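Asker: turn this into a model:
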Amino acid sequence: MSEDSNPNNLSKIEDLSKEELLELLHIYAKNWLAHDGCWFLGIEEKLGMEDAIYFDREAWKRFTIVEARRLIGFLQLGEDSGIAGLKAALGFRLYATLIEDKIEVLDDKTLRYYVTSCRVQSTRRKKGLPDFPCKSVGIHEYTLFAKTIDKRFSTECISCPPEITDEAHHCVWEFKLEK
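Answerer: Presented below is the predicted three-dimensional model:
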């Protein structure tokens, strides 16, 4: 790369400022989500929506556990960190910079997670496409993520395409600590 094509003369991530690192994080998250969408669309085009959702669900079953384990280590949550651990981990998920969300702690055993703006659903709506029916994928994703943070969690889908019960949010999930 010539100096002309690299006006900041940056050669490695360590050269970046905090602001540049945050911008790069956002770019990485968008790239990851674009890759996720590309492979999904490739499967959908070749095999149909039902098979694409099957493979999406299988991928999330694996990825969400890896993501949660890495966040447990990064955030130093320890084993079975309860409501506080789940609240912290949700804020650091890979797509956290791409969505608008809200976390509500209802009591010492219950957390409700609202996605107020979902990049996937917003993009589909802008293109005139119906909502992606992500509930069956989300059930595995959120259940396994929460159980990796703390094995005592149960997960309930309150609202998620195709079963929207809360029009103000793209999806709503509730997590309860069981004994």
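Asker: when you work out contacts or count neighbours from here on, use the C-alpha atoms and nothing else.
Answerer: Will do.
Asker: could you point out which element follows the host helix or strand of residue 140?
Answerer: If you go by DSSP states H and E, residue 140 is part of helix 135-149. Counting by DSSP H and E, the next helix or strand C-terminal to helix 135-149 is strand 153-159.
Asker: after that next one comes which helix or strand?
Answerer: For strand 153-159, the following helix or strand on the C-terminal side (DSSP H and E) is strand 171-177.
Asker: show me what that next one is packed up against.
Answerer: On a contact count with 3 or more CA pairs under 8 Å, 6 or more residues apart in numbering; DSSP states H and E, strand 171-177 meets strand 110-117, strand 153-159.
Asker: distance to residue 21 added to those, as JSON lines?
Answerer: Output for the helices and strands packed on strand 171-177, formatted as JSON lines (distance: least, CA to CA, whole Å):
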{"stretch": "strand 110-117", "distance to residue 21": "24"}
{"stretch": "strand 153-159", "distance to residue 21": "34"}
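Asker: on contacts alone, who are the packing partners of the helix holding residue 140?
Answerer: Packing partners of helix 135-149 (3+ CA pairs under 8 Å, 6+ apart): helix 49-75, helix 82-90, strand 153-159.
Asker: center of this protein, which residue is that?
Answerer: Relative to the mean C-alpha position of the chain, the nearest C-alpha, by CA atoms, centre = their mean, is the one of residue 95, at 4.7 Å.
Asker: is that one in a helix, a strand, or coil?
Answerer: Taking DSSP: H, G, I helix; E, B strand; the rest coil as the rule, one finds residue 95 in the helix state.
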